[in-house]
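> return atomic coordinates for the entry below.
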Amino acid sequence: MLYLILFICLVGIFILGITWLRVGLFNLSGKAMEQWLKKVTNTPVKGMLVGIIMTPILQSSGAVMVITVGLVAARVLAFPQTIGIILGTNIGTTFTLEFLSFNLSVLVIPFLVLGLICFFLQKTRWKSLGYVFVGFALIFAAMQAFEQLAVPFTQLPATQKLLLLLSDHFLYAFIVGIIMTACIQSSTVMTGIAMSFLSAHIFSLETGIAIMLGANIGTCITGLLASVGAGEEARLTAYAHIWLNVGGALLCMPFLSQLSLICQELSSNPETQLAHASVIFNLLSSILVLPVATKFGQFIIKIHGKKTIWN
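Below is the predicted model:
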């Protein structure tokens, strides 16, 4: 029970770190980004580039989706402009995972000290920077603690049964990724936990990839919730996000072993292998859809009933 409580506390610290990092970065650049978003999303390619840039800056594909849905609801953006942004957010979120794959635990104390110093300064910009530093410190500390906790946590009988089930049945790992991410509202946190367990050699890379694919779907709940009551085009944007991530994950599931072998050739570090798997999957799935982005948008409209958006 103690290990379970500690695990839940670490998840909370990780989420708090991601949230503070997101708040700080958004305060530093959010409004300027919204204005930029309005101007440069007139083609799917430009939209994708915007999504790629915005997501690592805001440290959340969900945050970008909420902004996008909000701008669609306010009629600043039209649904067709959002397809490229969605493709870009899927690629952009992989930068965070690559960053997390480095062992930066030595920066926890310096970042925490810098953040606390910034909190005592008067200017809002410095306080926002403080949120960024403390957010990074909490994330790195939680990642290190996850790795330390992984071995004793897996000695619990219930955990052993679950991990055995996940290792033997990738579909269950996929479903766990969906459900857990929908609950904690962050694919980065879910995949970060999987990376820590991989580093402790608790389960295979294929299991980690299956969890990551599930997390890509679970994160869609953020945009879906943001679209409630926001109008039909906003709802279509959320549906497009779901269709893209579900379709990509289902296409990738039969090739888990092949993707795992490729990533093992690229790196010997288990955390980096999972980060690379996320990059390869999201990059390929987005590039495959980009040439047919317009037709994909028309497909979403046809399936979900709106026929007057595309001119």
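
> what helices or strands is the lengthiest helix in the chain leaning on?
The helix that spans the most residues within the chain, counting by DSSP state H, is helix 2-39. Packed against helix 2-39 by the contact rule (3 or more Cβ pairs under 8 Å, 6 or more residues apart in numbering; DSSP states H and E) you find helix 44-58, helix 61-73, helix 124-153, helix 187-199. The way it works is simple: take the backbone N, C-alpha and C, and place the C-beta from them, glycine included.

> helices along the stretch 201-311 of the chain, start to end?
Here the stretch 201-311 of the chain has its helices, by DSSP state H, counting those that start in this stretch, at 205-218, 220-227, 232-252, 256-266, 270-289, 293-304.

> circling back: tell me the most buried of the helices and strands packed on helix 2-39?
Using mean count of other Cβ atoms under 10 Å, the stretch among the helices and strands packed on helix 2-39 with the greatest mean number of neighbours is helix 187-199 (a mean of 26).

> check the offset of that helix from the chain's centre.
Per Cα atoms, centre = their mean, to the nearest Å, the displacement of helix 187-199 from the mean C-alpha position of its chain is 11 Å.

> which residues are in contact with it?
11, 14-15, 18, 59-62, 93, 96-97, 100-101, 139, 142-143, 146-147, 150, 177, 180-181, 184, 203, 205, 208, 211-212, 214-216, 218-219, 269-271, 273-275, 278 (Cβ atoms under 8 Å, 6 or more residues apart in numbering).

> run the angle between it and helix 124-153 for me.
Helix 187-199 and helix 124-153 meet at an angle of 40 degrees, taking axes from the mean of the first three to the mean of the last three Cα atoms, to 10 degrees as the criterion.

> helix 187-199 - what's its average pLDDT?
Averaged across helix 187-199, pLDDT comes to 82.

> one more: stretch 152-168?
Stretch 152-168 comes out at a mean pLDDT of 70.

> buried residues in stretch 115-123, which are they?
Across stretch 115-123, burial judged by 16 or more other Cβ atoms under 10 Å covers 115, 118.

> export that stretch as CSV, just CAs?
What follows is stretch 115-123, C-alpha atoms only, in CSV (Å, rounded to 0.1, in the frame of the first residue of the first chain):
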residue,chain,number,x,y,z
GLY,A,115,12.8,29.0,-9.9
LEU,A,116,12.4,30.1,-6.3
ILE,A,117,14.7,33.1,-6.9
CYS,A,118,12.5,34.1,-9.9
PHE,A,119,9.3,33.9,-7.7
PHE,A,120,10.7,36.6,-5.5
LEU,A,121,11.3,39.0,-8.4
GLN,A,122,8.6,41.6,-9.2
LYS,A,123,8.2,41.3,-12.9
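
> and that stretch, how far out from the chain middle?
29 Å.

> what does that stretch contact?
With Cβ under 8 Å, 6+ apart as the criterion, stretch 115-123 contacts 126-127, 129-135, 137.

> rewinding a little: give me the buried entries from the contacts of helix 187-199.
11, 14-15, 18, 59-62, 93, 96-97, 100-101, 139, 142-143, 146-147, 150, 177, 180-181, 184, 203, 205, 208, 211-212, 214-216, 218-219, 269-271, 273-275, 278.

> need the pLDDT of the closest residue to Ile175 other than its chain neighbours.
Distance criterion Cβ to Cβ, 6 or more residues apart in numbering; nearest residue to Ile175, sequence neighbours excluded, is Gly214 at 6.3 Å. Looking at Gly214, its pLDDT is 92.

> and for Val40?
Turning to Val40, the model gives it a pLDDT of 67.

> equivalent analysis for the one 10 residues further on, please.
Val50 is assigned a predicted lDDT (pLDDT) of 81.

> what's the separation between it and Thr82?
10 Å (Cβ to Cβ, to the nearest Å).

> check Ile117 too.
If you go by Cβ to Cβ, the gap between Ile117 and Thr82 works out to 40 Å.

> and if you look at Trp20?
On the measure of Cβ to Cβ, Trp20 and Thr82 end up 28 Å apart.

> which one of the two has more residues nearby?
Remark: of Trp20 and Thr82, Thr82 carries more neighbours, 28 against 22, as counted by other Cβ atoms under 10 Å.

> can you give me the angle the helix or strand the more buried one falls within makes with helix 232-252?
Here Thr82 sits within helix 79-100, counting by DSSP states H and E. Our comparison of helix 79-100 with helix 232-252, counting by the same axes, to 10 degrees, yields an angle of 50 degrees.

> low-confidence bits of the stretch 201-311 of the chain, can you list those?
Along the stretch 201-311 of the chain, segments meeting pLDDT under 70 span 230, 305-311.

> apply 50 and report the result again.
In the predicted model of the stretch 201-311 of the chain, residues 307-311 satisfy pLDDT under 50.
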